[in-house]
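J.: How does the following fold in three dimensions:
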Amino acid sequence: MAETNEDPTVQADPRGNHKVTRQKVFLEQLAMTSSVKQSAEIANIANSTLYSWKENDADFAAAWLKALAAGYELLEMEMLERARKGVERKIFYRGKQVDTVRDYDHRAALQLLRLHKETVALVRAAQAEMAAEPEPVRDTLDEKLKKINVRLRKFQAEKRRKQAGDSAPDRGERNGAVHGA
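T.: Residues are numbered from 1 along each chain as shown. Here you go, the predicted structure:
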């Protein structure tokens, strides 16, 4: 028999939704920790079971990705907080704390700035694309459709002439295809 978890949130649901309850605990933990292994242990779910659910249940797989994204977002916010405010470090001398200093991880701060810059650029590009006037594109498509319709009508007219016995080619026709329309 499998070990039971002391966590009261992982008890069997009296309505028979034990699987759903365990999945919920796993997803909540995943959103907080970004760790599949740790979340599985807390939810008392074997890794093989998790990956089977993920492979066979599209809703669970989507929720997994959403929880993981939330976890990474939380991690990014924590790293941003550390980069901005630093981390206190105790200074010891001969076994006794004598001072506290604040350390800043400049490398992590620069990496976060680089990622943020890329994200801002992508958001701005998407906003610019959405704000772009669709009329020039629409006008171009309308012109192309008009040309296609003209060529189609010429082709259909030529086809009717051929069926009627008039096989004289149209000026724009070569080898059965209409050109220059």
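
J.: Let me know whether Leu75 touches Thr33 as I believe.
T.: No. Leu75 is beyond contact range of Thr33, at 9.0 Å (criterion: CB atoms under 8 Å). Glycine gets a C-beta too; all of them are placed from N, C-alpha and C.

J.: could you point out where this protein is predicted with low confidence?
T.: 1-16, 132-135, 137, 166-181 (pLDDT under 70).

J.: what do you get if the cut-off is 90, keeping everything else the same?
T.: In the predicted model of the chain, residues 1-19, 33-34, 69, 71-87, 103-152, 155-156, 158-181 satisfy pLDDT under 90.

J.: could you show me where the strands are in it, in order?
T.: Remark: strands assigned in the chain by DSSP state E are 87-93, 96-103, 173-174, 177-178.

J.: do you know which of those strands lies nearest Gln29?
T.: Minimum separation from Gln29 across the strands of the chain (CB to CB) falls at strand 87-93, 24.8 Å.

J.: The closest one pairs with which strands, and in what direction?
T.: strand 96-103 (antiparallel) (DSSP bridges).

J.: Need the contact partners of the strand it pairs with.
T.: Residues outside strand 96-103 that contact it (CB atoms under 8 Å, 6 or more residues apart in numbering) are 85-92.

J.: just to revisit the earlier point, would JSON lines of the strands of the chain with distance to Ser48 be doable?
T.: Below are the strands of the chain laid out as JSON lines (distance: least, CB to CB, whole Å):
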{"stretch": "strand 87-93", "distance to Ser48": "38"}
{"stretch": "strand 96-103", "distance to Ser48": "42"}
{"stretch": "strand 173-174", "distance to Ser48": "66"}
{"stretch": "strand 177-178", "distance to Ser48": "61"}
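
J.: Run the chain-centre distance for stretch 149-165.
T.: Relative to its chain's centre, stretch 149-165 lies at 50 Å (CA atoms, centre = their mean, to the nearest Å).

J.: Likewise for stretch 87-100?
T.: Here stretch 87-100 is found 44 Å from its chain centre; the criterion is CA atoms, centre = their mean.

J.: Same check on stretch 46-63?
T.: Its chain's C-alpha centre and that of stretch 46-63 lie 18 Å apart, by CA atoms, centre = their mean.

J.: which parts of that stretch are buried?
T.: Judged by neighbour count (16 or more other CB atoms under 10 Å), stretch 46-63 contains these buried residues: 50, 53-54, 60, 63.

J.: ok so, going back, can you lay out the strands of the chain as JSON lines showing mean neighbour count?
T.: Shown next, in JSON lines, are those (neighbours: other CB atoms under 10 Å):
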{"stretch": "strand 87-93", "mean neighbour count": "10"}
{"stretch": "strand 96-103", "mean neighbour count": "9"}
{"stretch": "strand 173-174", "mean neighbour count": "13"}
{"stretch": "strand 177-178", "mean neighbour count": "14"}
